[in-house]
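# My questions concern the predicted model and sequence given below.
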Amino acid sequence: MLPKRKKVRITGKKLSKLNDDIHGRDDSKCIIKGCGRYVDPREKFHHEPQGNDKEDRIEHGVTLCLKHHTERHSGTNGADIREQCEEYLSGLYPKYWERFM
């Protein structure tokens, strides 16, 4: 059994810097295939996974446009968007994400 890890949660300037870093990495564009819409850097990144398992880490954050962010949280294509987010992040951080796949 894997040892329990404490989830990383940050606020204030550290969270703002993380948001800037994620937008910078993603070129402030939605990462969903075929989209590429510009996302204002003041918009908060999306956590993947979301909910109780979310962490404030660059390995868990992606830039999503409002349409795809809303769809991920409450739309019928949420599972597809989740898969694309996981695929994107595991491609960037394979060693980190191998434990989740």
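Thanks, I have the structure now.
# any chance you could map the helices in the chain?
Counting by DSSP state H, the chain has helices at residues 12-25, 66-74, 78-92, 94-97.
# Show me what counts as buried in the third one.
Of all the residues in helix 78-92, those buried under the rule 16 or more other Cβ atoms under 10 Å are I81, Q84, C85, E86, Y88, L89, S90. C-betas here are computed from N, CA, C, even on glycine.
# Could you tell me the model confidence score at the closest residue to G78 other than its chain neighbours?
Distances taken as Cβ to Cβ, 6 or more residues apart in numbering place R72 nearest to G78, at 5.3 Å, with adjacent residues excluded. The per-residue pLDDT reported for R72 equals 96.
# now swap in K4 and tell me
On the pLDDT scale, K4 gets 66.
# How about K7?
The predicted local confidence for K7 is 83.
# Also N52?
82.
# now swap in L15 and tell me
Note on L15: pLDDT of 97.
# swap in the one 4 residues further on?
N19 carries a pLDDT score of 98 in this model.
# Leaving out the residues flanking it, which one is nearest to it?
N19 sits nearest to F45 (Cβ to Cβ, 6+ apart), 5.5 Å away.
# burial measure for that neighbour, as a count.
24 (other Cβ atoms under 10 Å).
# The one 10 residues further on now?
Applying the criterion other Cβ under 10 Å, we find 16 residues in the vicinity of E55.
# which ones are touching it?
K7, V8, R9, H47 (Cβ atoms under 8 Å, 6 or more residues apart in numbering).
# I'd like the distance between the first one and R57.
Read that as K7. Distance, K7 to R57, by Cβ to Cβ, to the nearest Å: 9 Å.
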